[in-house]
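Asker: Provided below are the primary sequence and the corresponding predicted coordinates.
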Amino acid sequence: VTIIALVYQFGIQGFFVEMRGGVVLPIAVWLAFMGKWHRRSQVTTTAEWMVLRFGKGDQGKVARYTAALTYLVITVLMVTFFLMAAAKFVAQFIGGVDPTLAAVVLAAIALAYTLASGLYGVIWTDVFQAFLIGGFAIYVAVMAFGVVPEITPEQWPGAATNTAWPQMSLDGSDWGNLFWLALLFFAAKGILEGLGGSGGSAYMAQRYYAAGSDRDTVKLSMLWAALFTFRWPMVMGFAVLAIHNGIGQDDPEAILSGLLLGDLFPAGIRGLAVAALLAASMSTFDSTINAGASYVVKDLYNPLFGTRVIKGESATQDDGRILGYARSIEPDDVLVDPKKEVYVGYAASAIIVAVGLVITLTLLQIGTGVVDIWVGIVVAFFPGFLVPFALRWFWSRFNGYGFAAGVLAGFTTSLALWLNGRLGVVAFDPATKDAFEIGLLLAASGLVSVVVALTTAPTPEATLRRFYDQIRPWGLWPTGWRSAIDREDGTRDVVRLVVALVWQVTMFLLPMLAVLREWQQMMGVAAVWSVCSLYLWFDLRRSRSVVAS
């Protein structure tokens, strides 16, 4: 809904506004190198990763609990957003249905099939939902392609900014609202999400922890980006159809419901549309719930309530197994009955959905808009923890205390900005408000992270060396640890990142330009995309030959 409204108002420039989150720039970072670094970690959650990086002592513990709680907050916020958006959509589509009732029903259904299907079942439901979404996206794009010649520039609010190159502003003036400045902040935030290995998502990293090889992480990223491509012709298609049918002048956020409630789509297609759009929301909803529950089980329940192995003791046996663990048991490892983990996971999933539902119902009562929630999450919350999440990979002097303090500072600043927005103590220029808030959050969390890390004990060198030898990251690490191969890989990673960013953005733009019949612009973008694709293909083949040798 939000992206459709932006494209309706600003044309393709609305796509660039969505650099703040909808374009999913972290995927390019994962493709370049972050995916393989996660795979090499050999852990199951990012909170567990903190022990690998900062050790099993107090540093590792405080960082692990901080990360687990951070991802729980992210999970609840995303559950709230998905419930809010889906409930309002269903209420608009089915006349007479109260959004509150729709939210409750959707939460119950999503929770039921998430718990019943388990991890593998959720994967297969996501595959089925992907076919639904892709099929409907193509249908909408083809319909819009057919009516484009009938639309005049005067009918399109964003006709002047409907180009494949970012404009100086969105209001026609030379500097106007400083769109380039905001765009740079949005893009930097997206890249920083990827560099932090979080992507503002509780489940993104877990897909790479489970990858089979470094090459698989590249293929996973490319597939993920390709699937996201279907979003953009569908969004452009809805915007074009809204303009053609005179829908959205008063409220661009009502475009989707206005098109689906009208006579534009046949009854069967309308049902497919509802199924596809709900599938788009629920496929992320179930993955988010599963990921959030895993942090409760693996990083809160197990460390606090599991049986810790003491040096010299033998592990307790359970039907010939070491309580579900196939690996060797070391001192300070925590053992938990797998059956208890399952039940705790069920309870955690239910509690996460319940908390998200309560917040959703509260926001519905006070009339909060879906766009307000989304902007609040991606602009006023996510940037608060991106710097400490990124520093852990690239700076050897960074420690667990700095990580925890930086995250806390980011959350505190985010809360202060939220209160200021409600109380109006300090008024910000609406044109630069988002960029200012992102910059302030990054600066506050980054400064506190660095100061606390430098004024507290460093991570033990043995822990750091073990981490470095396993992951082989680049950045501010002792020069003596880095081999010539490490330096060469680091250079290739940076080049691959630049190419991947351009490849992803141009791939998203291509079908949008095709829908608009902008053949000249499309050929230029296609040329750039082709060059980037060839580079990534040869780079992937090179990595395979290196592994083979």
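Answerer: Looks like it came in fine. Numbers count the residues shown, from 1 in each chain.

Asker: got the phi/psi numbers for Trp395?
Answerer: In terms of degrees, to the nearest 10, the main-chain angles of Trp395 are phi -130, psi 120.

Asker: could you check how far it is from Tyr468?
Answerer: Per CB to CB, to the nearest Å, Trp395 is found 12 Å from Tyr468. All C-beta atoms are positioned from the backbone trio N, CA, C, and that covers glycine.

Asker: next: Gly258.
Answerer: Counting by CB to CB, the gap from Gly258 to Tyr468 is 56 Å.

Asker: which one's more surrounded, these two?
Answerer: Under the criterion of other CB atoms under 10 Å, the comparison of Gly258 against Tyr468 puts Gly258 first, with 21 against 17.

Asker: check contacts around the nearest residue to Gly196 once chain neighbours are set aside.
Answerer: Closest residue to Gly196 in three dimensions, ignoring its sequence neighbours and counting by CB to CB, 6 or more residues apart in numbering: Phe389, at 3.2 Å. Shown in contact with Phe389 (CB atoms under 8 Å, 6 or more residues apart in numbering): 196-198, 403, 407.

Asker: show the pLDDT at Phe389.
Answerer: Per-residue pLDDT puts Phe389 at 93.

Asker: report the buried residues of the helix or strand that it is a member of.
Answerer: When elements are assigned from DSSP states H and E, Phe389 belongs to helix 386-394. Of the residues in helix 386-394, those with enough neighbours to count as buried (16 or more other CB atoms under 10 Å) are 386-393.

Asker: Serialize these to a markdown table and add fields for distance to Phe228.
Answerer: Formatted as a markdown table, the buried residues of helix 386-394 follow (distance: CB to CB, whole Å):
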| residue | distance to Phe228 |
| --- | --- |
| Leu386 | 21 |
| Val387 | 26 |
| Pro388 | 27 |
| Phe389 | 22 |
| Ala390 | 23 |
| Leu391 | 28 |
| Arg392 | 27 |
| Trp393 | 24 |
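
Asker: out of those, which comes closest to Leu220?
Answerer: Within the set of the buried residues of helix 386-394, Trp393 lies nearest Leu220; the separation is 19.0 Å, counting by CB to CB.

Asker: can you tell me how far that closest one sits from Arg472?
Answerer: With the distance defined as CB to CB, Trp393 ends up 11 Å from Arg472.

Asker: what touches both of these two?
Answerer: With contacts defined as CB under 8 Å, 6+ apart, the residues shared by Trp393 and Arg472 are Trp37.

Asker: hmm, back to that, closest to Phe428 out of the buried residues of helix 386-394?
Answerer: When those are ranked by distance to Phe428 (CB to CB), Leu386 comes first, at 20.5 Å.

Asker: what's near enough to touch the nearest residue to the closest one once chain neighbours are set aside?
Answerer: Spatially, and ignoring its direct neighbours in sequence, Leu386 is nearest to Leu192 (4.6 Å; CB to CB, 6+ apart). The neighbours of Leu192, taking CB under 8 Å, 6+ apart as the test, are 383, 386-387, 390, 442.

Asker: swap the cut-off to 10 Å and go again
Answerer: Leu192 sits next to 25-26, 29, 198, 200, 382-383, 386-387, 389-390, 438, 442 when contact means CB atoms under 10 Å, 6 or more residues apart in numbering.
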